[in-house]
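Chemist: Sequence first, predicted coordinates after that:
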Amino acid sequence: MKKTHLYKCHKDLKGKMIDFFGWEMPLEFSGIITEHMAVRCEAGLFDVSHMGEILVAGRQALDFVQYLTPNDVARLTPNKAHYTALTTPQGTFVDDLLVYCLEPEKYLLVVNASNTDKDYEWIVQHKEGFDVTVENQSDQYTQMALQGPKALEVMKNLTKFPFEELGSFQFGRGEVAGEECLISRTGYTGEDGVEIYTLSPSPEKIWEAVLEKGKGHGVMPIGLGARDTLRLEAKLMLYGNDIDETTTVLEAGLSWLIKFKKGDFLGRDALLRQKEDGIKKKLIGFEIEGRGIARPHYPVFIGNNEVAKVNSGTFAPYLKKSIGLTYLPIDHTEIGMEFEVGVRDKRIKAKVVPTPFYKRESQK
């Protein structure tokens, strides 16, 4: 299995390691619920170095990334990023990703670990006719995320870079614990915080410094288990669960990232047709009424008909309720509508609820 540059740090902390799409990664250090609550109430440090980084550069880099993705890359100036998708001609997902504008002719695409090789091949296959170079730099990067209400306070002790002046989805370059980094106001937890990218040969210095400086603020190392429960509470998509090559951007409720007026992009015609015709299904958030936890792949019923499977589902530690995501027929997606989830040998009532399930105070 592949190992991140922080693997020894995880072993020293006695992290419970698992195989995550070919990466040996920590599932948990002190327990999923404990780690989840640390991020919601104080702060947590994640190793997300398994994510992929693909550099697109050249005279037509902007045109190329515009063609690959539905969001409007022309709106990005250096040191700004946005969320978007790699779309198929059918308007479905090759992947979801972040696009960072490093320079006017240089963009860093940050993709999911499970899809890095597939995404790289997809991008290379479509670059004919564009004056660009495409480089998979994933093995060079270490990526960490410091997330939670006390994250920024901890960061102030680690860098002189004025990161607190950055808005959401903005970034800059500076030293963290003496190592050169790209510091980004992004995350995957629903909390405020930063993501730190570095090409340093000694990224463990950053990891150890964050944990040391964060001791008095309750900072804990966080594994993949809590990362998943945190992102679900915030209704952040997970490729392979909530979105894939069978679901369109419109069906996933992400119409806001489609900019039809920008010009041509892969999937534009299909998405425009679907918008005009109307979608037949939509991703919704639900709560279980009563006892029981809806896990991925559990059947979803309306009346006697199985209409879907649970895409993501768990017991939400902070909200203290069972929540999930599933695709329902469009006429059954209004808030408050009820259906059932098959949990083992029983059917348990569920209802459609507003999302995100969790919002931090500054977002309410």
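Modeler: Okay, I see it.
Chemist: and the helix or strand hosting R173, what's its mean pLDDT?
Modeler: When elements are assigned from DSSP states H and E, R173 belongs to strand 171-176. Mean pLDDT, strand 171-176: 98.
Chemist: Kindly report the same for stretch 88-99.
Modeler: Stretch 88-99 carries an average pLDDT of 98.
Chemist: list the buried ones in it?
Modeler: Along stretch 88-99, these residues count as buried under the neighbour rule (16 or more other Cβ atoms under 10 Å): 91-99. (Each C-beta comes from the backbone N, C-alpha and C, glycine too.)
Chemist: from those residues, which is closest to T142?
Modeler: For the buried residues of stretch 88-99, the minimum distance to T142 (Cβ to Cβ) is 16.3 Å, reached by L98.
Chemist: Pull the contacting residues for the nearest residue to R268 once chain neighbours are set aside.
Modeler: Among residues not flanking R268 along the chain, F260 sits closest, at 6.7 Å (Cβ to Cβ, 6 or more residues apart in numbering). When the contact criterion is Cβ atoms under 8 Å, 6 or more residues apart in numbering, the partners of F260 are 268, 271-272, 275.
Chemist: Quick one: the helices in the chain, in order.
Modeler: Defined through DSSP state H, the helices belonging to the chain, from first to last, are 7-12, 32-41, 61-68, 116-125, 151-155, 204-213, 224-233, 268-277.
Chemist: Could you export those helices as TSV, including distance to F163 and mean pLDDT?
Modeler: Putting these into TSV (distance: least, Cβ to Cβ, whole Å; pLDDT from 0 to 100) gives the following:
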stretch	distance to F163	mean pLDDT
helix 7-12	23	98
helix 32-41	18	98
helix 61-68	25	98
helix 116-125	27	98
helix 151-155	6	97
helix 204-213	13	98
helix 224-233	21	98
helix 268-277	36	98
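Chemist: Check the ones you listed for me and report the most buried one.
Modeler: Most buried of those, by mean neighbour count (mean count of other Cβ atoms under 10 Å): helix 224-233, with a mean of 24.
Chemist: what's that one packed up against?
Modeler: Using 3 or more Cβ pairs under 8 Å, 6 or more residues apart in numbering; DSSP states H and E as the contact criterion, the neighbours of helix 224-233 among helices and strands are strand 23-28, helix 32-41, strand 305-316, strand 321-329.
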